[in-house]
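Visitor: Got a predicted structure here, sequence first:
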Amino acid sequence: MNDRKLIDELLASISIHKHYPEGTAHVEIHGNRVIGVCLVDGLTVDSIEMKEGIGVTLRVAKGVKIKNPVHLCFGMIPETGVQRIEMKTVIEDDASVGFIAHCTFPNARKIDHIMQADITIGNNAWYSYMERHIHGDFGGIRVIPKAKVTLLEHARFVTEFELLKGRVGEIDIDYETVCGAHSVMEMKSRISGRGDDRIKIREAAVLKGEYSKGLLASNIALKDHASAEIYNDLRAEGAYAHGHVDCNEIVLGNAVAKAVPIVQVSNPKAHVTHEAAIGSVDSKQLQTLMSRGLCEEEAVDLILQGMLSQKN
Amino acid sequence: MGKLELKNLTLKLGGKNIVENISINFREGDIHAIVGPNGAGKSTLAQIIMGLPDYRDIEGEILFDGKPITGLTIDKRAKLGITLAWQEPARFQGVSVRSFLLAAARDKTEETVDLALKMVGLAPELYKDRAVDETLSGGERKRIELASIIAMRPKLVLMDEPDSGVDIEAINNIFSVIHKLKEEGTTVILITHSAEVLKEADHAFLLCRGKLVKKGSVEEMVCIFNGTYKTCECLAQPEAEAIL
Ligand SMILES: Nc1ncnc2c1ncn2[C@@H]1O[C@H](COP(=O)(O)OP(=O)(O)O)[C@@H](O)[C@H]1O
Ligand SMILES: [Mg+2]
């Protein structure tokens, strides 16, 4: 298949059939190869092929504010393979950018998607990274994203991981963040698992600087024999640092959910809270919808959709 | 034949009769009130009629349009046209007012959603995209519950304490909705311990300690109310039952 056709197939699988609007930067990576790049001023993308995988450096220059979100599309059209990406992202001081990463493996039967990211967000810079996964219905996929994120002073970082379409397969997220003074960090995940999907999330953040703020939030719905383990580790060290952990999991059928929050405060002026709710669908919600004529399955779906669409 | 007939209905919970040998015939198209003091068993009766799982193990019979519904689950009863407006409506994280109303609606259109919201006095453009969660006040949530029932166009609606947690202005709106439902041929059963709500009904049934102790006109019942159920105790005596 030529690259043009691959790009078309990747984009079709994420329901982008037309081209991006004018002035929108985008990068397409199929397997371990960059197959499409369109840049805007102030954004650079360098890639090197490695023995196993690909190294990509994304950089937004100092003071540059990129208006339209940059679309990244990672994926593989074949049924089997390994995608290994080492990504270095540098958002220089005062820059601002939003990325939307589409990870698409529509035909996956045995695919590994391994991402090792190193992200630095400069002083007063703003970075958002929305990662949407679209998987096939077979479940033969392993997603292993690891990220180390450093927020300098007054930086802002928002990331959302969403996997609602298709089967999860196996997912093992491991994000670590260190937050400088006055920085704001939000890490959220919304995942729907079924079959024998296995979900493991480890999100750790250190609120190092004074007045830094952090939120770790996960909304997980599990059916059948799916399982999830969520480790939220939030430590506040800076004076007036403020953190919150929020974990919501709905389990149905024979699914198993586990949430392990670790909250630690080592500065008397810092403050951390956590909330976790794990359980089945609320019976009153279910009965209300059934009393309006929805069958049990329709009612459960609406409740789960709601929980998973929550923006926190 | 009534729209809904309860025949010798008894429910035991924890070894106690919560509802005891109740027989009522609810005539089609009327607004009925079930009144009685706190703990009389009014909500329990509504939940039995709706078929909630904890209230399914009953003695006696429930007929809807002449057919037994005792063995049917909530959704099957709802499909026949029975619904319940909860005293304290559930909240749904992340579910928009629009999706909530569409889920209930018989005609799944935007117009149905708009119309239902307008009928309960809520501006569609301000509410449709909001979530049915704790960001809505109790009164707003109650009105949205009612809007979903309007959209559903049921044949019979049970309303458990329709005035609780709503302000004066909203109460009048709720009353007008109740009469609108009646105009459209819906049979309404109001469950209440408020004389004000009772006055909206065509006639009333008085419950005390799980038993039906009196059926009669709203005027008569209001008198009993004004005595704040003083007579309830004596009405519950066996001699009084003979009068009914
Ligand atoms: N699940 C239950 N188990 C035991 N007792 C119950 C249960 N539900 C309700 N009751 C009791 O039944 C009685 C009637 O309750 P309810 O129907 O809520 O009264 P009302 O709506 O008239 O105020 C109360 O005494 C209540 O405590
Ligand atoms: Mg009650």
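Guide: Everything's here; your move. Numbers count the residues shown, from 1 in each chain, chains lettered A, B, ... in the order given. Ligands and ions are numbered 1, 2, ... in the order given.

Visitor: Skip ahead from the host helix or strand of B:Ser148 and say which helix or strand is next.
Guide: Taking DSSP states H and E as the criterion, B:Ser148 maps to helix B:138-152. On the C-terminal side of helix B:138-152, the closest following helix or strand by DSSP H and E is strand B:156-160.

Visitor: B:Met159 reaches B:Ile178, doesn't it?
Guide: Yes. Using CB atoms under 8 Å, B:Met159 is in contact with B:Ile178, at 7.4 Å. In this view, the C-beta of every residue, glycine as well, is placed from N, C-alpha and C.

Visitor: Those two - which one has more neighbours?
Guide: B:Met159 (27 against 20; other CB atoms under 10 Å in any protein chain shown).

Visitor: Tell me who's in contact with the closest residue to that one other than its chain neighbours.
Guide: Nearest residue to B:Met159, sequence neighbours excluded (CB to CB, 6 or more residues apart in numbering or on different chains): B:Ala85, at 4.5 Å. Counting by CB atoms under 8 Å, 6 or more residues apart in numbering or on different chains, B:Ala85 makes contact with B:145-146, B:149, B:157-160, B:162.

Visitor: same thing but at 6 Å, please
Guide: B:Ala85 sits next to B:145, B:149, B:159 when contact means CB atoms under 6 Å, 6 or more residues apart in numbering or on different chains.

Visitor: Break down the chain into its helices, ranges please.
Guide: Assuming you mean chain A. Assigned by DSSP state H, the helices in chain A fall at A:3-13, A:283-290, A:296-309.

Visitor: let's do chain B instead
Guide: B:42-50, B:74-80, B:97-104, B:110-119, B:124-127, B:138-152, B:168-183, B:195-198, B:218-226, B:230-235, B:238-243.

Visitor: Quick one: residues in contact with the longest one.
Guide: When contacts are defined by CB under 6 Å, 6+ apart, helix B:168-183 is touched by residues B:31, B:119, B:121, B:139, B:146, B:162-163, B:188, B:200.

Visitor: Buried residues of that helix, list them for me.
Guide: B:170-171, B:173-175, B:177-178, B:181-182 (16 or more other CB atoms under 10 Å in any protein chain shown).

Visitor: swap in the second one?
Guide: For helix B:74-80, the buried set under the neighbour-count rule, 16+ other CB under 10 Å, comprises B:74-75, B:77-78, B:80.

Visitor: Same question for the fourth one.
Guide: Neighbour counts using 16+ other CB under 10 Å place B:112-117, B:119 of helix B:110-119 among the buried residues.

Visitor: for chain B, where's the lowest mean pLDDT among helices and strands?
Guide: helix B:238-243 (a mean of 41; mean pLDDT, DSSP states H and E).

Visitor: still on that earlier bit, so which elements touch the helix holding B:Ser148?
Guide: strand B:82-85, helix B:97-104, helix B:110-119 (3 or more CB pairs under 6 Å, 6 or more residues apart in numbering or on different chains; DSSP states H and E).

Visitor: Tell me how far the second one lies from the chain's centre.
Guide: I take that to be helix B:97-104. Counting by CA atoms, centre = their mean, to the nearest Å, helix B:97-104 is centred 20 Å from the centre of its parent chain.

Visitor: One more: stretch B:94-112?
Guide: That offset, for stretch B:94-112, works out to 21 Å (CA atoms, centre = their mean).

Visitor: same deal with stretch A:52-66?
Guide: 18 Å.

Visitor: Enumerate the positions of it that are buried.
Guide: So, applying 16+ other CB under 10 Å, buried residues of stretch A:52-66: A:53-56, A:58-61, A:64, A:66.

Visitor: and it, what's its mean pLDDT?
Guide: For stretch A:52-66, mean pLDDT rounds to 95.

Visitor: With only the CA atoms kept, save it in PDB.
Guide: Extracted in PDB, the C-alpha atoms of stretch A:52-66 (Å, rounded to 0.1, in the frame of the first residue of the first chain):
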ATOM      1  CA  GLU A  52      13.400  -0.900  16.800                       C
ATOM      2  CA  GLY A  53      10.900   1.900  16.400                       C
ATOM      3  CA  ILE A  54      11.100   5.500  15.700                       C
ATOM      4  CA  GLY A  55      12.300   8.600  17.600                       C
ATOM      5  CA  VAL A  56      10.200  11.800  17.100                       C
ATOM      6  CA  THR A  57      11.000  15.200  18.500                       C
ATOM      7  CA  LEU A  58       8.200  17.800  18.600                       C
ATOM      8  CA  ARG A  59       9.100  21.300  19.500                       C
ATOM      9  CA  VAL A  60       7.000  24.500  19.800                       C
ATOM     10  CA  ALA A  61       9.300  27.500  19.800                       C
ATOM     11  CA  LYS A  62       9.400  30.100  22.500                       C
ATOM     12  CA  GLY A  63       6.300  32.400  22.600                       C
ATOM     13  CA  VAL A  64       4.600  30.700  19.700                       C
ATOM     14  CA  LYS A  65       0.900  30.200  20.200                       C
ATOM     15  CA  ILE A  66      -0.600  27.700  17.900                       C
END
